[in-house]
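Peer 1: Build me a structure from this.
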Amino acid sequence: MILVLIAAVSAGAEDRTPPAIRVLPADGADDVRVDSQMTVTFSEAVKLGNGAAISSRNAGSLFVFTQLDNNQSVEVSVSWSQSQKRLTIKPKKPLAFGGTYQFKIPAGKVIDRAGNGNQAVLVMFRTEEAGPPLGVSVQPTHGETDVPVDSLIRLTFNKPVTRANKTEITNDAIANIIKINDSKGRRVDFIGSWDADRRMITLDPVGNLNGGTTYTVTLLENKIMDRQGVKNPLVISNFTTRPALDTIAPVATINPAHGSSNVSLSPKITLQFAEDILLPDGTPLSSKAVKGMILFFDEKGAQIDYSATWNKSKRTMTLKVKGRLQNYTTYTLILPAGCVKDLAGNVNKQAAVTFTTGNR
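Peer 2: Coordinates of the predicted model:
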């Protein structure tokens, strides 16, 4: 009686369940990437329906993969993983954009260890639409001026992209894709980062950029590719940084220099500026204004009469003494503070020189 019960239990445990099959992309999937591969995963160890072992060489006989739009078979490469019980199917070229595909495994193509054959599997999916041509926008924009010197530079693509060799873009690869140069052609070092979700490359120049300088950002040709296999054209974008803030007061170089001796009794005295200057109220400088602003006196404090001229192109004030100076006498010339300002609004500080004449 006990033996009969055991036999009954053993008979009830017989495996009659067909192997389950999971296919990706799943049935009904939409917007599938055109560079996708398919996977077929079995729930248990299987072999061909004729009992032969499955291999990468014969696994192509298990399925039919068709593009329904033109009723053409999809050319694929197939690999089989016995340990993972998985079939990987990779199209030899990208799938068509906006295409409808059918993947079918007929019933009985595989069997499990108990000899149960699979049920038929039918999967249909649709690929992503083509979308616009590959494009990239650059910030700062081309021709932009007054760009802060601490700005980041961003290149944003209008669709998913990879490197032209079909590998993913990495931070380390960016230096081989994009260049930054200043107006003299010198290369600007930067730290690059890639944000795949935003399809954005960010360039952070090492240190601040120079003020008042034009920079060129170059995306090298054929370095980036979209899913359709279209590579990028050469992209060149220029921008100019904000001029450096001028906080330096205008300074005059005076001749004769301070401490000079044996100066001529009929000297040509000049005050030359290194930058353009105006009167404090913003009006242009004139010879008449120069005459009224410079103090010139001898060692006893007596004022020295002189004529003055202003040469705008040379940024030079010239003083000529009326008459002659005295032999072996010390003279002082002073340009008081606040007499002129530069184009940035910085006013001059007081400048003074003392010199001594000779006997001629």
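Peer 1: From now on I want contacts and neighbour counts done on CA atoms only, so please keep to that.
Peer 2: OK.
Peer 1: Run through the bridge partners of residue 231.
Peer 2: The residues listed as beta-bridge partners of residue 231 by DSSP bridges are residue 225.
Peer 1: Numbering from 282 from now on, please.
Peer 2: From this message on, residue numbering opens at 282, which makes the last subject residue 512.
Peer 1: burial of it, as a residue count?
Peer 2: 18 (other C-alpha atoms under 10 Å).
Peer 1: Just want to check the distance between it and residue 500.
Peer 2: 12 Å (C-alpha to C-alpha, to the nearest Å).
Peer 1: what's the burial count for the closest residue to residue 531 other than its chain neighbours?
Peer 2: In space, and not counting its chain neighbours, residue 531 is closest to residue 629: 5.2 Å by C-alpha to C-alpha, 6 or more residues apart in numbering. As a burial measure, residue 629 scores 21 neighbours (other C-alpha under 10 Å).
Peer 1: Correct me if wrong: residue 629 contacts residue 621.
Peer 2: Yes - counting by C-alpha atoms under 8 Å, residue 621 is a contact partner of residue 629 at 5.9 Å.
Peer 1: Give me the common contacts of the two.
Peer 2: residue 531 (C-alpha atoms under 8 Å, 6 or more residues apart in numbering).
Peer 1: Over to residue 436. Which of the three states is it?
Peer 2: Under DSSP: H, G, I helix; E, B strand; the rest coil, residue 436 falls in the strand class.
Peer 1: Report the buried residues of stretch 576-596.
Peer 2: Counting neighbours by 16 or more other C-alpha atoms under 10 Å, one finds that the buried residues in stretch 576-596 are 577, 578, 579, 585, 589, 590, 591, 596.
Peer 1: Closest to residue 520 out of those residues?
Peer 2: Closest approach to residue 520 among those (C-alpha to C-alpha): residue 596, at 31.5 Å.
Peer 1: residue ranges for the helices of this protein, please.
Peer 2: 283-293, 568-574 (DSSP state H).
Peer 1: Any idea which of those helices has the lowest pLDDT on average?
Peer 2: By mean pLDDT, the lowest-scoring of the helices of the chain turns out to be helix 283-293, with a mean of 45.
Peer 1: low-scoring pLDDT stretches of the chain, where are they?
Peer 2: 282-293 (pLDDT under 70).
Peer 1: mind giving me the domain ranges of it?
Peer 2: 298-407, 417-522, 533-637 (automatic domain parsing).
Peer 1: quick one: contacts for residue 393?
Peer 2: 299, 300, 325, 326, 327, 328 are the contacts of residue 393 under C-alpha under 8 Å, 6+ apart.
Peer 1: hmm, try it at 6 Å
Peer 2: Contact partners of residue 393, counting by C-alpha atoms under 6 Å, 6 or more residues apart in numbering, are residue 327.
Peer 1: Need the CA coordinates for stretch 354-365. CSV is fine.
Peer 2: Provided in CSV are the C-alpha atoms of stretch 354-365 (Å, rounded to 0.1, in the frame of the first residue of the first chain):
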residue,chain,number,x,y,z
SER,A,354,13.7,39.8,-43.1
VAL,A,355,16.1,41.6,-40.7
GLU,A,356,19.7,40.5,-41.1
VAL,A,357,21.1,39.8,-37.6
SER,A,358,24.0,38.2,-35.7
VAL,A,359,23.1,35.8,-33.0
SER,A,360,24.8,34.7,-29.8
TRP,A,361,23.7,32.1,-27.3
SER,A,362,24.6,32.0,-23.5
GLN,A,363,24.0,28.6,-22.1
SER,A,364,24.6,29.8,-18.5
GLN,A,365,22.2,32.7,-18.8
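Peer 1: what sits up against stretch 474-485?
Peer 2: For stretch 474-485, using C-alpha under 6 Å, 6+ apart, the contacting residues are 433, 434, 435, 436, 437, 438, 452, 471, 472, 473.
Peer 1: Ramachandran angles for the first one?
Peer 2: Looking back up the chat, that one is residue 433. phi -90, psi 150 (degrees, to the nearest 10).
Peer 1: Surely residue 622 is in contact with residue 566?
Peer 2: No - Residue 622 is beyond contact range of residue 566, at 10.0 Å (criterion: C-alpha atoms under 6 Å).
Peer 1: These two: which is more packed in?
Peer 2: Neighbour totals were compared for residue 622 and residue 566, and residue 622 leads with 23 against 19 (other C-alpha under 10 Å).
Peer 1: No more questions from me, cheers.
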